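K.L.:
Generate coordinates for the sequence data below:
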Amino acid sequence: DRSPSRGLGDVYKRQPPRSAGVGDAPAGPPGSLKIEPGGEALNALRRAAELLGCDEITLLSALNSRTISAGGDMCVICKKIGEARASRDALAKALYERLFDHIIATLNASLESVGAKAGAPSGCAAGELGIAVLDIFGSEIFVTNGFEQLLINYANEKLQAHFTSAAITLLQAEYEREGLEIDRVEYTDNEATITLLEGRRLSVLAVLDDQCLQAGATDASFVTALHNGFSEHPSYAKPRFDSAASFTIRHFGGDVTYHSAGFLSKNKDALFAELPTTMRASRSAFVAELFSDAAEVRRQKPPPNVGAGGGRASRRPMGGGRARATQFVSVGSQFRDSIASLVATLSATQSHFVRCIKPNEVCALQPAASQAMPGARAAVPTALSRLARRFEAPSCCGLRWPCRSCDAAPCSRPCACRRPASRRACRLASC
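P.N.:
Reported below is the predicted structural model:
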């Protein structure tokens, strides 16, 4: 709803918010968005204020208005409904991020205390030893690909570059230094695609951030800027159909066409100063601590296991500071910094890879698997014929999946995959 005397977006001198009577909905500053009494929005506001430990009117005012300084006077700008929703979403994201960081920090502190009690080898600093497991992102190629798929595929590009560097490039260089004769494995370098996506000055994410800061920018203007800036880039393509609202990136796993609908709104994450200030004044000590200056400093520290040479992209504050009225940190830039931190951590450690091939319903060798086999053969010393037979053989003993050998007695019945009877028995009881 809106006040009949003032339009949304009007600027006026700061006045105290009006108090709500018994049974009335709380009201923010004059001219700001109102909540209908007895509706679901009112119940949601009261529940959120209860959980966050803050006053209903204060929370409502922080969501639907913001304060600026003009000519020595403090003025309040009423937000439009879309801006109020963006503020609500930004607060939810900030809460989620800080809760996630708090849980991880608590777990790490607990694990470090357990390691200290168990005793570490002499000469090893706390947190220096550790084993971590990373479930690598998988490429996502759907009928309709959006902002989320772009970030996931970007992360997959970065991890693929680390894999080729650690498992192929560095390994072949080590073999050459030791004078071993090997057949070099040729692979496609995806550095051009990574530069297209994450370059600081001119890249897809940089253009997206620039569009988010421009007044009147739309998803269509974002696509136009991409077409104008990267038309000659080898990893970029302009789709034949719907080119005004979509663009194509040539990833190492294949070409992916992204539809720009929602790119700008999903990338914006502006948290105005009123919201962190309201959270710091919370009656809940836990909520106030999540947004405290001390917690903000801890969140921006690099992880302890990234040493010299690992490097870490600095983590810019998300509205936790008090100096600026608003702090725009896009979702894309946060994700880029997070991936840079992950890759720096991986580069500072010794990586080992577990290679998995997903079985298919027809139990037959597929083109993708045949292309992946030379790389698997180079990394794992096994006979190529054995590897091929493992994935192209028909199901064993009438079942759908090939059997594995175990330490039992020899199989009394020959397998359908033409393994000789002298092989060890299958794990399946029906064999």
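K.L.:
which residues of the stretch 51-200 of the chain score low on pLDDT?
P.N.:
Per-residue confidence of the stretch 51-200 of the chain (counting by pLDDT under 70) places the weak regions at 115-129, 137.
K.L.:
Please enumerate the helices of it.
P.N.:
Using DSSP state H, counting those that start in this stretch, the helices of the stretch 51-200 of the chain run over residues 56-64, 81-118, 147-163, 170-177, 191-198.
K.L.:
what angle sits between the last one and helix 147-163?
P.N.:
Put plainly, it is helix 191-198. Interaxial angle of helix 191-198 relative to helix 147-163 (axes from the mean of the first three to the mean of the last three C-alpha atoms, to 10 degrees): 140 degrees.
K.L.:
The fourth one too?
P.N.:
Our comparison of helix 170-177 with helix 147-163, counting by the same axes, to 10 degrees, yields an angle of 10 degrees.
K.L.:
For helix 170-177, name the packing helices and strands.
P.N.:
If you count contacts as 3 or more C-beta pairs under 8 Å, 6 or more residues apart in numbering; DSSP states H and E, helix 170-177 packs onto no helix or strand. (Each C-beta comes from the backbone N, C-alpha and C, glycine too.)
K.L.:
related to what we said a few turns ago, let's have the helices of the stretch 51-200 of the chain in a markdown table, adding mean neighbour count and distance to residue 333.
P.N.:
Converted to a markdown table, these look like this (neighbours: other C-beta atoms under 10 Å; distance: least, C-beta to C-beta, whole Å):
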| stretch | mean neighbour count | distance to residue 333 |
| --- | --- | --- |
| helix 56-64 | 22 | 24 |
| helix 81-118 | 14 | 14 |
| helix 147-163 | 20 | 11 |
| helix 170-177 | 12 | 30 |
| helix 191-198 | 19 | 10 |
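K.L.:
possible to save those as a markdown table with distance to residue 212?
P.N.:
Shown next, in a markdown table, are those (distance: least, C-beta to C-beta, whole Å):
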| stretch | distance to residue 212 |
| --- | --- |
| helix 56-64 | 20 |
| helix 81-118 | 11 |
| helix 147-163 | 12 |
| helix 170-177 | 38 |
| helix 191-198 | 16 |
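K.L.:
Any idea which of those helices gets closest to residue 344?
P.N.:
Within those, the stretch nearest residue 344 is helix 147-163; the backing value is 10.2 Å (C-beta to C-beta).
K.L.:
Touching that closest one from outside, list them.
P.N.:
With contacts defined as C-beta atoms under 8 Å, 6 or more residues apart in numbering, helix 147-163 is touched by 134, 136-142, 190-191, 193-194, 197-198, 204-205, 249, 251-253, 256, 258, 262-263, 266-267, 331-332, 335-336, 339, 342-343, 346-347, 351, 353.
K.L.:
quick one on the thing from earlier: of the helices of the stretch 51-200 of the chain, which is nearest residue 271?
P.N.:
Residue 271 lies closest, by C-beta to C-beta, to one member of those: helix 81-118, at 4.6 Å.
K.L.:
That closest one packs against which elements?
P.N.:
Short answer (3+ C-beta pairs under 8 Å, 6+ apart): helix 81-118 packs on helix 56-64, strand 271-272, helix 274-280, helix 285-290, helix 293-299.
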